[in-house]
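Trainee: Based on what follows, work out the 3D shape:
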Amino acid sequence: MIASMSTRKRVVITGIGCITPLGLDIETTWSALQAGKSGVGSITYFDASSFPTRFAAEVKGFDLADYVDDSTPYQHSTSNTKFAIGAASQAVKDSGILEGDLDPTMFGIYLGAGEGQQDFPLFMKIISNSEHDGEIDLERFTELGLQQLNPYFEVEQEPNMPAGHLAALFNAQGPNLNCLTACAASSQAIGEAAELIRRGEATAMLSGGSHSMIHPFGVTGFNLLTALSTRNEDPQHASRPFDKNRDGFVLGEGSGMLILEELEHAKQRGAKIYGEVLGYGSTADAYRITDIHPKGRGAIGCIEMALRDAGLNNDQIDYVNAHGTSTSVNDKVETMAIKGALGASAQKTPVSSIKSMMGHLIAAAGSVEALTCLMAIRDNVLPPTMNYETPDPECDLDYIPNKAREAQAKYALSNSFGFGGQNVSLILGEFSG
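Mentor: Here you go, the predicted model:
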């Protein structure tokens, strides 16, 4: 992964865009984060009254027609694709990457996008109409499925579809990939996209993630894993990373997109530069499917790898954007990992989790958190960890409780740790010319 620091190409960020529960663009989202606003509320997409968790962080007011001239080609697309198009359209326009003479075969896409939503009501209707004497008539079930399921909608559920749609929309004929490493997906996509540019296989990459699991199957699955907060009486204060009384994460949705570009190409066309991708680390816990390693070995390893890749010492990180899910085990072990990787410097390094405000965007979380790091570097403002009330002795770092903080942020570390033991750390830095 790590090429020679003196010979590898530098990768900068020249365009950004997002669709989140806190806003439909980066500036609205960033303002809400600084103000400590919450995007969490009761679930409106389906009747969740019988679920253990009845709230989530939904995107509000989004209309794909605001981002494309003709939205009819995407009438069968799921929220994952629509959010991706909205965020990517912002990033491409912001960068001006298509206004010059960019070779389309050197413009690629690398996403960490999730699967599309199942048509749960239709599925239940088919099952109900196939039932006979308390058992499912498989022949009838198949017959009704062939009659009623829309094949285009079925295709759109595949996690590669957002990347395919974006390639056609922006004539991106270069590398086209999607990874779905759970909550680490879009951070991994950004890291791998940067590697393609470093190696000279692409001049520019549209990278990031998009996901929505706010549907009956998604909420049911996470409830069965006991991963979601059940603080139904006070949903806006349910996500409380690193707080002693945390009881699970809040499900969110959305998309974050970045244009990554080879530095010299960006300079030649006079592009605005938000920052630089300096370090990327990726490891596996090789432990359990839903449990992080209790000693944080994989998390420590990927932070240390990102530091080596960036050529930084562990006392040079100004801000850590934590994975910080608000689950008991994750927050404790991530705290352990930050201390293990940063050593004595960890006690004076500010850490926060924006999931306390917008919930957990699953595959899209890492990309939106990378965008947050860029904003922190740009404005020298660190977003808070909201709902932090009761310190946990096992979580003993500076979590920027409940109020944004002005502080220099030249180098930011962003952590993403996914179910299955996937770990990714990115280091983003101020562009220094």
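Trainee: give me the element the residue nearest in space to the middle of the chain is part of.
Mentor: Most central in the chain under CA atoms, centre = their mean is A365, positioned 2.0 Å from the mean C-alpha point. For A365, the host element (DSSP states H and E) is helix 365-379.
Trainee: how about that helix as CSV, C-alpha atoms only?
Mentor: What follows is helix 365-379 as a C-alpha-only set of coordinates in CSV (Å, rounded to 0.1, in the frame of the first residue of the first chain):
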residue,chain,number,x,y,z
ALA,A,365,-20.6,7.2,7.5
GLY,A,366,-16.9,7.4,6.8
SER,A,367,-17.2,9.7,3.8
VAL,A,368,-19.4,12.2,5.6
GLU,A,369,-17.0,12.1,8.5
ALA,A,370,-14.1,12.7,6.1
LEU,A,371,-15.9,15.7,4.8
THR,A,372,-16.4,16.9,8.4
CYS,A,373,-12.6,16.6,8.9
LEU,A,374,-12.0,18.8,5.9
MET,A,375,-14.4,21.4,7.3
ALA,A,376,-12.6,21.3,10.7
ILE,A,377,-9.3,21.8,8.9
ARG,A,378,-10.7,24.7,6.8
ASP,A,379,-12.3,26.6,9.7
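Trainee: where exactly do the helices run in the stretch 151-300 of the chain?
Mentor: Using DSSP state H, counting those that start in this stretch, the helices of the stretch 151-300 of the chain run over 151-156, 161-170, 185-198, 216-224, 263-268, 297-310.
Trainee: Check the offset of the second one from the chain's centre.
Mentor: Yep, that's helix 161-170 we're talking about. Distance, stretch centre to chain centre, for helix 161-170: 18 Å (CA atoms, centre = their mean, to the nearest Å).
Trainee: Report the buried residues of that helix.
Mentor: By neighbour count with 16 or more other CB atoms under 10 Å, helix 161-170 contains the buried residues M161, P162, A163, G164, H165, L166, A167, L169, F170. No exception for glycine: its C-beta is placed from N, CA and C like everyone else's.
Trainee: so what does it touch, helix or strand wise?
Mentor: If you count contacts as 3 or more CB pairs under 8 Å, 6 or more residues apart in numbering; DSSP states H and E, helix 161-170 packs onto helix 79-95, strand 107-113, strand 176-178, strand 204-212.
Trainee: packing partners for the shortest one?
Mentor: Secondary-structure packing of strand 176-178 (3+ CB pairs under 8 Å, 6+ apart): strand 107-113, helix 161-170, helix 185-198.
Trainee: Swap in 6 Å and give it another go.
Mentor: In terms of contacts (3 or more CB pairs under 6 Å, 6 or more residues apart in numbering; DSSP states H and E), strand 176-178 is packed against strand 107-113, helix 161-170.
Trainee: just the longest one next, same as before
Mentor: Secondary-structure packing of helix 79-95 (3+ CB pairs under 6 Å, 6+ apart): strand 11-19, helix 161-170, strand 204-212, strand 253-262.
Trainee: Name the residues of that helix that are buried.
Mentor: Judged by neighbour count (16+ other CB under 10 Å), helix 79-95 contains these buried residues: 79-92, 94-95.
Trainee: and these, which two are the farthest apart?
Mentor: The most widely separated members of the buried residues of helix 79-95, counting by CB to CB, are S79 and S95 (24.2 Å).
Trainee: Which positions in stretch 279-290 come out as buried?
Mentor: G279, Y280, G281, S282, T283, A284, D285.
Trainee: Name the nearest of the residues you listed relative to M257.
Mentor: Proximity of the buried residues of stretch 279-290 to M257 (CB to CB) peaks at Y280, which lies at 17.6 Å.
Trainee: I'd say the closest one and G191 touch.
Mentor: Yes. The pair formed by Y280 and G191 meets the contact definition of CB atoms under 6 Å, at 3.5 Å.
Trainee: Can you list the low-confidence ranges for this structure?
Mentor: For the chain, the stretches flagged by pLDDT under 70 are 1-6, 118-123.
Trainee: can you list the domains in it?
Mentor: Domain ranges of the chain: 12-118+157-429, 120-151, per automatic domain parsing.
Trainee: hang on, the earlier thing: kindly indicate which of the buried residues of stretch 279-290 lies nearest Y67.
Mentor: Ranking the buried residues of stretch 279-290 by separation from Y67, with CB to CB as the measure, puts Y280 on top at 29.1 Å.
Trainee: Now do the closest one against V59, distance only.
Mentor: 28 Å (CB to CB, to the nearest Å).
Trainee: same deal with S416?
Mentor: S416 is 20 Å from V59, by CB to CB.
Trainee: same thing with A189?
Mentor: From A189 to V59 the distance is 20 Å (CB to CB).
Trainee: and if you look at S367?
Mentor: Counting by CB to CB, the separation of S367 from V59 is 15 Å.
Trainee: the more surrounded of those two?
Mentor: Between S367 and V59, S367 has the larger neighbour count (other CB atoms under 10 Å), namely 34 against 24.
Trainee: doesn't S187 make contact with the more buried one?
Mentor: No. Using CB under 6 Å, S367 is not in contact with S187; the gap is 7.0 Å.
Trainee: what's the closest of the buried residues of stretch 279-290 to I400?
Mentor: Nearest to I400 among these is G279, at 21.9 Å by CB to CB.
Trainee: That closest one bridge partners, please.
Mentor: Residues in a beta bridge with G279, per DSSP bridges, are I427.
Trainee: Equivalent analysis for the one 5 residues further on, please.
Mentor: On the basis of DSSP bridges, A284 takes part in beta bridges with Q422.
Trainee: Hmm, G421 and it touching each other?
Mentor: Yes. With contacts counted by CB under 6 Å, A284 reaches G421, the gap being 5.0 Å.
Trainee: Quick check: closest non-adjacent residue to Y399.
Mentor: Spatially, and ignoring its direct neighbours in sequence, Y399 is nearest to T385 (4.4 Å; CB to CB, 6 or more residues apart in numbering).
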